[in-house]
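> Kindly generate the corresponding structure for this input.
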Amino acid sequence: MALELTNGFGKIYLSITYNPANEWVYNNWVGYQTYAGIVAGADACLAPLREQGCAYLLNDNRQVLGPWNHAVEWIVRDWAPRAIAQGLTHFAHVVSPESLAAISAEAMHIGIGGQLQMKMFGDIDEAADWLRQARQGVGSSM
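Have a look, this model is predicted:
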């Protein structure tokens with residue numbers, strides 16, 4: 001069952017699901033992202049990661065519009081250390097083809113650096129394959 005977060009207009013901006021077959025949490029972000037929404041959504045995804053003892057996150061930004069660099073520092077300094085501390089080891093980030101969102105994703109990737117295995121993708125299937133291989137202990141390098 002998905003956890004859906006809505007913005008002030010009642011529109012879903014994030015859907016979070018746990019995929020038991022693949023043992024990962026899937027975040028589907030949609031539309032423009034505010035700082036408050038990113039903080040609430042990122043924090044909300046920690047619960048299923050923790051509850052499932054899950055080390056894998058598939059973060060889908062294909063439907064994100066605009067930049068979200070206003071939250072990159074918070075993600076790097078606050079969220080990522082907490083996610084890692086509770087067991088997150090692999091973060092597959094599918095970037096939006098929208099250039100400003102992709103720039104924000106790259107800044108986050110650089111900021112997180114070697115703290116966990118993180119890789120950016122333009123294709124959801126490639127991201128899913130990378131996570132499956134990591135779960136099997138094959139090719140899990142950055």
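> So A21 belongs to a strand, correct?
No - assessed with DSSP: H, G, I helix; E, B strand; the rest coil, A21 is coil; it does not lie in a strand.
> Which phi and psi values does it adopt?
For A21, the backbone dihedrals (degrees, to the nearest 10) come out as phi -60, psi -40.
> Please identify the helix or strand for the most centrally placed residue in the chain.
The structure's the chain has its C-alpha centroid closest to N59; by Cα atoms, centre = their mean the separation is 3.1 Å. Secondary structure assignment for N59, by DSSP states H and E: strand 56-65.
> Paired strands for that strand, with orientation please.
strand 24-32 (parallel), strand 90-94 (parallel) (DSSP bridges).
> For the helix or strand that it is followed by, list every residue counted as buried.
Tracing the chain C-terminally past strand 56-65 and defining elements by DSSP H and E, one meets helix 72-74 next. The neighbour-count check on helix 72-74 (16 or more other Cβ atoms under 10 Å) flags V72 as buried. In short, each C-beta sits where N, CA and C put it, glycine included.
> Check the model's average confidence along helix 72-74 for me.
Average pLDDT, helix 72-74: 94.
> contacting residues for the residue nearest to the centre of the chain?
27, 29, 91-94 (Cβ atoms under 8 Å, 6 or more residues apart in numbering).
> could those be laid out in JSON lines, adding pLDDT?
Formatted as JSON lines, these follow (pLDDT from 0 to 100):
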{"residue": "N27", "pLDDT": "98"}
{"residue": "W29", "pLDDT": "97"}
{"residue": "F91", "pLDDT": "95"}
{"residue": "A92", "pLDDT": "96"}
{"residue": "H93", "pLDDT": "94"}
{"residue": "V94", "pLDDT": "95"}
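> What is the nearest of those to A101?
Checking these against A101 with Cβ to Cβ, the nearest one is W29 at 9.1 Å.
> so the closest one makes contact with L14?
Yes - applying Cβ atoms under 8 Å as the test, W29 and L14 come out as touching, 5.4 Å apart.
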